[in-house]
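Q: Give me coordinates for this.
(3 chains)
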Amino acid sequence: MTLIAGGCSGPLSALDPAGPAAASILTLMSVLLGLAAVSFVVIFGIFLLALRRNRSREASLRLFMIGGGLAFPLVLLTVATVYAVVLGERIVGARTDADLTVEATAQQWRWQFTRQTAGGSASRTGILDIPAGRTIEVRVASTDVIHSFWVPRLGGKIDAIPGTVNRILIRADVPGRYGGVCAEFCGTGHTGMDFTVVAHDADAWARIENGGEP
Amino acid sequence: MSALKLHGELDVIWRPERGWRGVLTNVNHSDLGIRFMVAAGVYFAIGGVLAMLIRAQLATPRSAFVGPEIYNQLFTMHGSLMMFMFAIPFFEGLAMYMLPKLLGARDLAFPRLSAFGWWCYLFGGFILLTAMALGLAPDGGWFMYTPLASKTYTPGINADVWLLGVTFVEVSAVCASIEITVTVLKLRAPGMSLGRMPIFAWYILVTALMMVVGFPPLILASTLLEIERAFGWPFFDPERGGNPLLWQHLFWLFGHPEVYIIFLPAAGVVSTVLPVMVRQALLGYGWVVGSILVLGFFSFGLWVHHMFATGIPHLALALFSAASALVAVPTVVQLFAWLATMWAGRPQMRLPMLYIAGFFFNFLLGGLTGVMLAMVPFNWQVHDTAFVTAHLHYVLIGGFIFPMLAGVYYWLPRLSGRRTHPLLGKLAFWLIFTGFNATFLVMHLTGLLGMPRRVYGYPGGLGWDWPNLISSVGSFVMTFGFATLVIDIGLALAFGRRSSRNPWRASTLEWALPMPAPAYNLASLPHVTSRDPLDRRHALAQSLARGEGYLGRSRDGLRETIGVEMASGAASEIVILPGNSWLPVVTALALGGFFLALLFGVYWLAPVALVIVGALAWRWAVTLGADRDLGALPIGRGEAVPPHHEAKEAPGWWGSIFALVTDATFFASLLFGYAFLAAIGPGWPPPRLVEPSLGASAILASAALVALLAERAGFAAAGRGEREAATRAYRVACAALLACAGALLVFGLLGLPSPRQHAYGAVTWVMLGYGLVHGAIALAMLAFVARRIGTGFVSPARMLEPRVVRLWLHYTLAAMLLVLVAIALPGAASWRW
Amino acid sequence: MALVMRLMVALLLWAAGFSALYAVHGLGCGLGWGDRPALPPFTLLNLVLVPLWLLFLALALLLLRREARRRDLDSRPAIRRATLAAGWAGLLGLVFMGAPVLLPAHCL
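A: From the prediction side, this is the model:
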């Protein structure tokens, strides 16, 4: 068990969530994997059984088609889709008020993060400072080509598209450093276009808010 | 007449010319089908070598094997070659080779078009390969997202190579789609109603129809991007009213149906081969037909699931998520039809069945991860990671390569007259199967551990080292498997023992042909009364060889086959097919000149090349038709039908209909793009809108009316045999159409804003261009009919050409009016308020 | 061709319905209907999308009923089954794929 857990952790592992969005998606994934496993066993099982038969027998076409072809996938798909849509609504968070808004601007090949402060704005390249345990709205934009903002341990990704501003909510449950990458291919520097989200505890964040060094 | 004498006569009529001339002028579907499949196989090998290089690079962290410039070309070319140069041409080749034989026809509906498609494919491929050899291959990823692929961020020729090379190859795909659709609908053995068609024909029919409407959005997108790159018209540039997401919508509007376009023919192979392997006719034929129709439609409602992370509102994502989930149902229906067939049958584990088992295992996994990916929140996590790479390879290798290899082994005796050695084939299967799963099963995990797609290296310590190493080792095992397969087939071709006529005891018509297949397929065509026309004792095959079926004779040295009424399959006409011709290769060369002129920026040459293409097209049409009425001719078995020139719904008529459907889809995609930009912007409304012009509208509408009426009069006069009156009326129609085009052009020159400043100007100019190009085509067609009436190729009985031209004229006039309205609409709307 | 069209008509209706829902959604978001509350948590956009969806459902139902009552394809059972299957699929497709319009629509 520890071996599996050890193999699944990592600075960029979606299997090692550190925030509510990533955690709920991992739960969704487990459910989907379970449904997929059931489907695989049923269908491939029938295939193997049918393969081993060596004499002809009556097959009820109706049972195969209506039971296997329609009812079976429809039930599983309805469960999966309803679950995913409801979860998606929650993650999008139309009715959630963010505690803080940060602008993420992508440019070949680096990320710049800007936040409004009392005395103007604070900006850092490659590092996104956030308070732990609070919900942050990241407003993602690009000045050149399409990039994609992704912090696997905190949640899904959102594209940075020139000409529009997209938003995503992130939240880190505990203080720490969380790796982020550009997920959308953006040219020769795509591979190195990573960044770090640093979640600070309350004290450290208060210091930063007051103009201190992070 | 003796069977041998009949064979001799038909052979003279149908065989290709000898030597190099024959290579260039051959239009025979069997030869062209094999060429397509062999060339596709070569591209598969090239794409595979590129994949090996990718895996070599990723085997260890911080690999210094290639840099990002080369690596980007590697994965872009790998994807592009596998999609456009391997998968689609391969099944096109299989369909071309197999369809007439399965349907009991002697060739495809438009043999010269098959050859033209072949040359376009070959020349387009040369463009891509040459660029790769020079290190100038496309490097923006196989879906070429803008603005990365726009001029600013890809200043070199690389992106143009992709846009022009791939579009050139798509010309071939569009030709094939129209030809295949018409062939399945019209060129069947008499008695073969829709419900008696072999199931493979249904799969290919639906696939071809999907191609008819699936390819135009991509062709439009490529056209727009190439115009933006060459002339600076801003369709995708957000600074000037364009939108980069428009590219993604158009690309995936093609790209998702494309997945099913690739999968359906492979599923058709399963539906054909599996019943033979389990010695039980396919159960649930109606269910399967229904489910592939449904798949054909639903697959057009999924494209946004490639764009879940682009910031589209969640409600819209939910619509597409539900669609992406539901599309699994018709696939599962097919799976259960196959399972029911197996259950009722007595399976034999022969080599094709082994590959089908591999298909079940791998495709099932790919389909299940596909449903997972359809769920929006999960997609947000794994989109653009190695998880997606794993998924798509399970779908494409599991869902296309495995069934197609089953098909290759199944039909190898049909194609070559030889059989393979079972041992080597099994070894190849197990190497491919284990290598494939070793490569891609672990890749799901690599993606979940956070590895994005398209990175050329990675640091250690992220947990990505060992899964990548496993993938790389697995991919080399898979390569050994494919090498074994090639050796196996090569040995079979060289030394394999001869196959009997129907080695698998199948019941479909392709096994009624002699081995190897003669150029005319069947000495006479069967009357089909069931879905399984073939009997065990070859009685039908022998009777057909003796000429006891339809058209068991030669007439005037013409290539004849039978056209049927679409639904019932009753014989309705003798279709006279054109023979060997230089036109396809010459026209493809001229079209290649057009694409090369654009590629090298010699823009004055491009219209010249198009004019040459037009002249060749004229020549193409002139060589068809007949100058006398023949009436109903005997076709054997006591039936008599007229030649197709005298029939109402000849293949050419239906070919025109489907060509127009393609054309209309292109236009509809353009209108969608216009509406999309206007609704989403950014940067709309544009600085200046076109004022609706009452004058232009009045001139255009009245000239269109005159053209319509004049053509009506000409058509009626031709139908009464009054040649002079008809010619005169067609000339009036020409003049009126010219006035229409003139009005449109003047309106554009006076009213439209510059195409370079804002996307509004760019789109409206493209729409205007669309109207003008169609005006020119319809004008040439009217002139053509006027001439044909003069030379006696049109008579009250032979009205096919005027009817086809009427179709195009009506479409053109409607399109021109629609262009005018669409251009003026935003201006009119703001003008009123 | 009439037969082929009849096979496809329910699916064409599905295509029209699906496109209409997506297009009206895009248009509504462009016009700001997603921000105009109506019967909270629902918005004006819901008020437009839901009736549109129900309209297409009714059409698909009518079509299916008509096809089920026709007997002229009885001599071609495979084609009749395929036509009916397509009719059901069109209806089911509209139900399943349109159902998300019942979510509060807010263009985020």
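Q: going forward, measure contacts between C-alpha atoms and count neighbours the same way
A: Will do.
Q: Other residues contacting the strand or helix carrying B:Val586?
A: Element membership for B:Val586, per DSSP states H and E: helix B:583-599. Applying C-alpha atoms under 8 Å, 6 or more residues apart in numbering or on different chains, the external contacts of helix B:583-599 come out as B:24-25, B:112-113, B:115-116, B:119-120, B:123-124, B:157, B:160-161, B:164-165, B:168, B:603, B:605-610, B:612-613, B:616-617, B:620.
Q: Count the residues that sit near residue 16.
A: The chain I'm using is chain A. Residues near A:Asp16, counting by other C-alpha atoms under 10 Å in any protein chain shown, number 21.
Q: looking at chain B here, not the other one
A: Quick note: B:Pro16 (other C-alpha under 10 Å) scores 21 neighbours.
Q: That one and B:Ser581 touch, don't they?
A: No. Checked against C-alpha atoms under 8 Å, the pair B:Pro16 and B:Ser581 is beyond contact range at 9.6 Å.
Q: how near is the residue nearest the centre of chain A to chain C?
A: Among the residues of chain A, the one closest to the centroid is A:Gly156, at 2.1 Å (C-alpha atoms, centre = their mean). The spacing between A:Gly156 and chain C, counted by C-alpha to the nearest C-alpha, to the nearest Å, is 15 Å.
Q: and what of B:Leu317?
A: 9 Å.
Q: host element of that residue?
A: Using DSSP H and E, B:Leu317 sits within helix B:314-326.
Q: What helix or strand is residue 80 located in?
A: All of this is about chain A. helix A:72-92.
Q: sorry, should have said chain C
A: C:Arg80 belongs to helix C:77-98, assigned by DSSP H and E.
Q: Give me the helices and strands touching that helix, please.
A: Contacts defined by 3 or more C-alpha pairs under 8 Å, 6 or more residues apart in numbering or on different chains; DSSP states H and E place helix C:77-98 against helix B:285-298, helix B:314-326, helix C:2-30, helix C:44-69.
Q: Would you agree A:Glu184 falls within a helix?
A: No. With DSSP: H, G, I helix; E, B strand; the rest coil as the criterion, A:Glu184 is assigned coil and is not in a helix.
Q: Got the phi and psi for it?
A: When read as degrees, to the nearest 10, the backbone of A:Glu184 gives phi -100, psi 130.
Q: domain parsing for chain A?
A: As given by automatic domain parsing, the domain ranges for chain A are A:20-92, A:100-209.
Q: which of the ones you listed is buried the deepest?
A: domain A:100-209 (a mean of 21; mean count of other C-alpha atoms under 10 Å in any protein chain shown).
Q: what's the span of that one from first residue to last?
A: This stretch, domain A:100-209, spans 12 Å end to end (C-alpha to C-alpha, to the nearest Å).
Q: now stretch B:143-161
A: Stretch B:143-161: ends 14 Å apart by C-alpha to C-alpha.
Q: Could you list the buried residues of that stretch?
A: Neighbour counts over stretch B:143-161 (16 or more other C-alpha atoms under 10 Å in any protein chain shown) mark B:143-151, B:153-154, B:157-161 as buried.
Q: try stretch C:38-49
A: C:Phe42, C:Thr43, C:Leu44, C:Leu45, C:Asn46, C:Leu47, C:Val48, C:Leu49.
Q: and it, is it in reach of chain B?
A: No. Stretch C:38-49 is not in contact with chain B by C-alpha under 8 Å from any C-alpha of the partner chain; minimum separation 10.3 Å.
Q: So for that stretch, mean pLDDT?
A: Regarding stretch C:38-49, the rounded mean pLDDT is 90.
Q: wait, does it make contact with chain A?
A: No. Stretch C:38-49 lies out of reach of chain A by C-alpha under 8 Å from any C-alpha, never closer than 9.6 Å.
Q: Could you give the separation of that stretch from the chain centroid?
A: Here stretch C:38-49 is found 19 Å from its chain centre; the criterion is C-alpha atoms, centre = their mean, to the nearest Å.
Q: One more: stretch B:69-82?
A: That offset, for stretch B:69-82, works out to 22 Å (C-alpha atoms, centre = their mean).
Q: And for stretch B:119-128?
A: Counting by C-alpha atoms, centre = their mean, stretch B:119-128 comes out at 15 Å from the chain centroid.
Q: For it, give the mean pLDDT please.
A: So the average pLDDT for stretch B:119-128 ends up being 96.
Q: could I have that stretch exported to CSV, CA atoms only?
A: Taking Å, rounded to 0.1, in the frame of the first residue of the first chain, the C-alpha atoms of stretch B:119-128 are listed here in CSV:
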residue,chain,number,x,y,z
TRP,B,119,-2.2,11.1,-57.6
CYS,B,120,-3.3,13.9,-55.2
TYR,B,121,-2.4,11.7,-52.3
LEU,B,122,0.9,10.7,-53.7
PHE,B,123,1.9,14.3,-54.6
GLY,B,124,0.7,15.8,-51.4
GLY,B,125,2.7,13.2,-49.5
PHE,B,126,5.8,14.1,-51.5
ILE,B,127,5.4,17.7,-50.3
LEU,B,128,5.3,16.6,-46.7
